[in-house]
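**Q** generate a structure from the sequence data that follows.
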Amino acid sequence: MKKNIFLAFIFITVSFVTGINAYSQKAGATFKGTINYKITYPESKMEATQLAMLPQAMKLSLDGNKARIDMNMASVSQ
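**A** Predicted coordinates for the structure are as follows:
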């Protein structure tokens, strides 16, 4: 009886550990994702018209070893 309980415990432990590793990122796999930033200016002493010209958000896109940053301002998109 004790042997069966011990074997069941080992089986559950191994299943749990291999299940966690199945969801982790594999070595050498390329990362692909997007990060969105919200930009605020809480202590700025500028007028509202000047603040409207500044960027309000930034988007960072990653794909392997490539990166792209998109920032939209009032008159320019960078």
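**Q** setting aside sequence neighbours, what's the nearest residue to the residue nearest the centre of the chain?
**A** By Cα atoms, centre = their mean, the chain has its centre lying nearest to residue 35, at 5.9 Å. Using Cβ to Cβ, 6 or more residues apart in numbering and skipping the chain neighbours, the partner closest in space to residue 35 is residue 60 (4.4 Å). The way it works is simple: take the backbone N, C-alpha and C, and place the C-beta from them, glycine included.
**Q** hang on, isn't the one you found packed against residue 71?
**A** No: applying Cβ atoms under 8 Å, one finds residue 60 not in contact with residue 71, separated by 9.7 Å.
**Q** next helix or strand past the helix or strand hosting residue 7?
**A** Assessed by DSSP states H and E, residue 7 sits inside helix 2-22. Once helix 2-22 ends, the next helix or strand along the chain (criterion: DSSP H and E) is strand 32-38.
**Q** give the rounded mean pLDDT of that following strand.
**A** Here strand 32-38 scores 92 as its mean pLDDT.
**Q** just list what that strand packs against, helices and strands only.
**A** Using 3 or more Cβ pairs under 8 Å, 6 or more residues apart in numbering; DSSP states H and E as the contact test, the elements touching strand 32-38 are strand 57-63.
**Q** run the chain-centre distance for the strand it packs on.
**A** Distance of strand 57-63 from the chain centroid (Cα atoms, centre = their mean, to the nearest Å) equals 10 Å.
**Q** I'm done for today, thanks for sticking with me.
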